[in-house]
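Novice: Got a predicted structure plus its sequence, pasted below:
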Amino acid sequence: MFPLPILTYVKIGLCAALLFLAGYTGFSLEAARFDRYKASQQALTQKAEEEHQAAADQIRKEKDAQIAAINNSLADALVQLRSRPSRAQDAANGQGGTGLSLSAEDSVFLEREAARADVLRTALDSCYQQYDSLSK
């Protein structure tokens, strides 16, 4: 009925079972090794992310402090500019060449524009710092 002796079939089955067991054991060991590697990489990535976030927070705090200083100096300048005379109908058309002859409205406008430009420059500098800190 069987072309080979039954003992040969048992040996073939035993070899197949041992091959399956060896493959499963190898796969399990490699999967465990890969899981350890993946966990270590995740820990390193999280540590780097926390460092980058701390650097970004520090840059943001410095930027906010600079913007607050700009806003404070703007408020001080606006208080001082209120004592200037208002725009008159017969005022000189830019003949003075200095800022002393500017009316209160014009000086306030220019001071606000300068403060706005300083805020934008500060924000741009903080963007550059943050980008440079990430690219290192």
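Specialist: Structure's in. What do you need? Residues are numbered from 1 along each chain as shown.
Novice: Every contact and neighbour count from this point should use C-alpha atoms.
Specialist: Noted.
Novice: Poorly predicted segments of this structure, please.
Specialist: Per-residue confidence for the chain (pLDDT under 70) gives these ranges: 1-2, 88-99.
Novice: Give me the distance from the helix with the most length in it to the chain's centre.
Specialist: When every helix of the chain is counted residue by residue (DSSP state H), the longest turns out to be helix 6-81. Distance of helix 6-81 from the chain centroid (CA atoms, centre = their mean, to the nearest Å) equals 17 Å.
Novice: Run through the neighbouring helices and strands of that helix.
Specialist: Packing contacts for helix 6-81, counted by 3 or more CA pairs under 8 Å, 6 or more residues apart in numbering; DSSP states H and E, involve helix 104-135.
Novice: Give me the buried positions along the helix it packs on.
Specialist: Using 16 or more other CA atoms under 10 Å as the test for burial, helix 104-135 gives 104, 107-108, 111-112, 115-116, 118-119, 122-123, 126-127, 129-130.
Novice: quick revisit: the longest helix of the chain versus helix 104-135: what angle between them?
Specialist: Helix 6-81 runs at 160 degrees relative to helix 104-135, counting by axes from the mean of the first three to the mean of the last three CA atoms, to 10 degrees.
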